[in-house]
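In: Mind folding the following:
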Amino acid sequence: MNVKGKTKDNEKARNDLSQYCCRRDLEMQALPNGKSGKPKASYTLTKSDAKLVCKWLKELRMPDGYASNLARCANVEKGTVHGMKSHDCHVFMECLLPIAFRSLPELVWKPLTELSRFFKDLCCNTLKMDDLVKLNENIPIIICKLERIFPPGFFDSMEHLPIHLANEAMLGGPVHYRW
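Out: Residues are numbered from 1 along each chain as shown. A predicted model of the protein is given here:
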């Protein structure tokens, strides 16, 4: 949502793209006034879309005990979401992410939805070994799809961690017994 100080999509990351990647659509571009500018990436929300997502979160009502008051986390004027508790992040990641970011292009929205589904399936109460094997096979493909969309500066060790989670679930059982 392009929050200052929180985004990894900065000028340094965009300059690195010209040196290390072949991602012409994301590289810094020279403007007519002599300065350089960041072109809009396919994964960014416009200011009006960000405000629309925040307005939707503000008006969203959940069953009692399902999630805390998400309305307090959304700032409609600035178009930002802040101060979510860890359970709220799980609810957002597993259930609300595909709905909230539906305005993104399908090329971006589909991998985000697949990632959301991965976490939802991984965190269910009962796990079947066949499902875990499928999750284990699908998560590298999902991560690869995300790597094609986002710049390399976005990915650090935390973004690659989901690759190990299905194996951990095979060894340790359902997540709610371990987290």
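
In: Please make it C-alpha for all contacts and neighbour counts, starting now.
Out: Fine.

In: What is the distance between the longest helix anywhere in the chain and the centre of its chain?
Out: In the chain, ranked by residue count with DSSP state H as the criterion, the top helix is helix 129-149. From the chain centre to the centre of helix 129-149 is a distance of 15 Å (CA atoms, centre = their mean, to the nearest Å).

In: Enumerate the positions of it that are buried.
Out: Residues of helix 129-149 classed as buried under the neighbour-count rule (16 or more other CA atoms under 10 Å) are 132, 135-136, 138-139, 142-143, 145-146, 149.

In: Stretch 148-168 now?
Out: Judged by neighbour count using 16+ other CA under 10 Å, the buried positions of stretch 148-168 are 149-152, 162-163, 165-166.

In: quick one: least confident helix or strand in the protein?
Out: Ranking every helix and strand in the chain by mean pLDDT, DSSP states H and E puts helix 11-20 at the bottom, with a mean of 76.

In: in which helix or strand would I find the residue lying closest to residue 79 once chain neighbours are set aside?
Out: Setting aside the residues directly before and after it, residue 79 is nearest to residue 51 in space (CA to CA, 6 or more residues apart in numbering), at 4.3 Å. Residue 51 is part of helix 47-59 when elements are defined by DSSP states H and E.

In: which residues sit against that helix?
Out: Around helix 47-59, the neighbours that count as contacts under CA atoms under 8 Å, 6 or more residues apart in numbering are 1, 70-72, 74-81, 100-101, 103.

In: gap between the most centrally placed residue in the chain and residue 12?
Out: Residue closest to the mean C-alpha point of the chain, counted by CA atoms, centre = their mean, is residue 112 at 6.1 Å. With the distance defined as CA to CA, to the nearest Å, residue 112 ends up 25 Å from residue 12.

In: try residue 131
Out: Plainly put, residue 131 is 40 Å away from residue 12 if you go by CA to CA.

In: Equivalent analysis for residue 39, please.
Out: In this view, residue 39 and residue 12 are 14 Å apart by CA to CA.

In: cool, residue 63 as well?
Out: 43 Å.

In: who's more crowded, the two?
Out: A direct count of neighbours by other CA atoms under 10 Å for residue 63 and residue 12 places residue 12 higher, at 11 against 7.

In: quick one on the thing from earlier: and the next element down the chain from the helix holding residue 51?
Out: Moving toward the C-terminus from helix 47-59, the next helix or strand (DSSP H and E) is strand 74-75.
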